[in-house]
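In: test case, fold it:
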Amino acid sequence: MNGVINWFEIYASNFARAKKFYSEVFQLTLTDIPMDSTRLLPFNTLHSLKMPA
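Out: From the prediction side, this is the model:
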């Protein structure tokens, strides 16, 4: 699919708060991934997002 966003990063100073916020907004269960000295919080797939049509 052309013109579709497939990667973006949102930096947060409070990781737990950001995880809670995005979990509630998108109604997802998010699992963080430790990576070197940081953590990532990937959204599973675009299909898992409950976005209005």
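
In: how far does the helix or strand in which Ala18 is found sit from its chain's centre?
Out: Secondary-structure assignment from DSSP states H and E places Ala18 in helix 15-26. Helix 15-26 sits 8 Å away from the centroid of its parent chain (CA atoms, centre = their mean, to the nearest Å).

In: need the pLDDT of Glu24.
Out: pLDDT recorded at Glu24 is 91.

In: okay, now it: neighbour count?
Out: For Glu24, the number of neighbouring residues by other CB atoms under 10 Å comes to 9. To be clear about C-beta, it is placed using only N, CA and C from the backbone, and glycine gets the same treatment.

In: the residue positioned nearest the centre of the chain and Gly3, how far apart?
Out: The chain has Phe43 as the residue nearest its centroid, 3.8 Å off, counting by CA atoms, centre = their mean. Phe43 sits 19 Å away from Gly3, going by CB to CB, to the nearest Å.

In: what's the first-to-last distance across stretch 24-38?
Out: 22 Å (CA to CA, to the nearest Å).

In: for stretch 29-39, same thing?
Out: End to end - CA to CA - stretch 29-39 spans 16 Å.

In: now it: buried residues?
Out: By 16 or more other CB atoms under 10 Å, stretch 29-39 has no buried positions at all.

In: so how far is it from its chain's centroid?
Out: 11 Å.
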